[in-house]
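Visitor: attaching a predicted model along with its sequence, questions to come.
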Amino acid sequence: MDTETASRLVYEALAHGVAGDTEGAFNNLNTVCEEADQPRMYGVCCGLAEAGAHMLRKLYGERAPKSPEDGMFFLQELEPGAVGEDPAKAFSVRFLTAWANGDTDTTDALFSAATHASNEEYVDSVCALFADVVGICRLALDEQNKTT
């Protein structure tokens, strides 16, 4: 599968997810993942994180850091230890935060660690990232609809 097709399927999966069509989201994402090698899956994760980072910037508007010099996104646990208890969730929020901050060294390390985990943990990590980005997109769209 070429990059353009994979990109289209990932973004269609996001659109299905935001619309609440879990079957459509799963089918599109699964089509990409079944044929993807590790570099392609890293690209999928980066594409998802980019969509999430874009929507975080829309949500936070002028308060969002524009560059590392302006500040950084950070993870604040509302329930101490919650992320540490769920490796897939930890991967997701750390990957997304690192990507939003332009920290590709950390995204590389997180992805590498995920690929060395069990197959189930790896899949769960990618799915958690997808689910979190869908949630952020929904929230941003809901907020946008409140102001229009």
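Guide: Yep, it's here.
Visitor: Ile141 contacts Gly20, correct?
Guide: Residue 141: Leu, not Ile. No - taking contact to mean CB atoms under 8 Å, the distance of 11.8 Å between Leu141 and Gly20 leaves them out of contact. Placement of C-beta: from N, CA and C, glycine included.
Visitor: which one of those two is surrounded by more residues?
Guide: For Leu141 and Gly20, the more surrounded residue by other CB atoms under 10 Å is Leu141, and the numbers stand at 14 against 10.
Visitor: buried set for stretch 120-134?
Guide: Taking 16 or more other CB atoms under 10 Å as the neighbour-count basis, stretch 120-134 is seen to contain the buried residues 121-122, 124-126, 128-134.
Visitor: same deal with stretch 96-109?
Guide: Neighbour-count burial for stretch 96-109, with 16+ other CB under 10 Å as criterion, is recorded at 96-101, 103, 107.
Visitor: rewinding a little: which among the buried residues of stretch 120-134 gets closest to Asn28?
Guide: Distances from these to Asn28 were compared by CB to CB; the smallest belongs to Phe130, at 10.4 Å.
Visitor: and the longest helix belonging to the chain, how far out from the chain's middle?
Guide: Taking DSSP state H as the assignment, the helix of the chain that covers the most residues is helix 119-147. How far helix 119-147 lies from its chain's middle: 6 Å, per CA atoms, centre = their mean, to the nearest Å.
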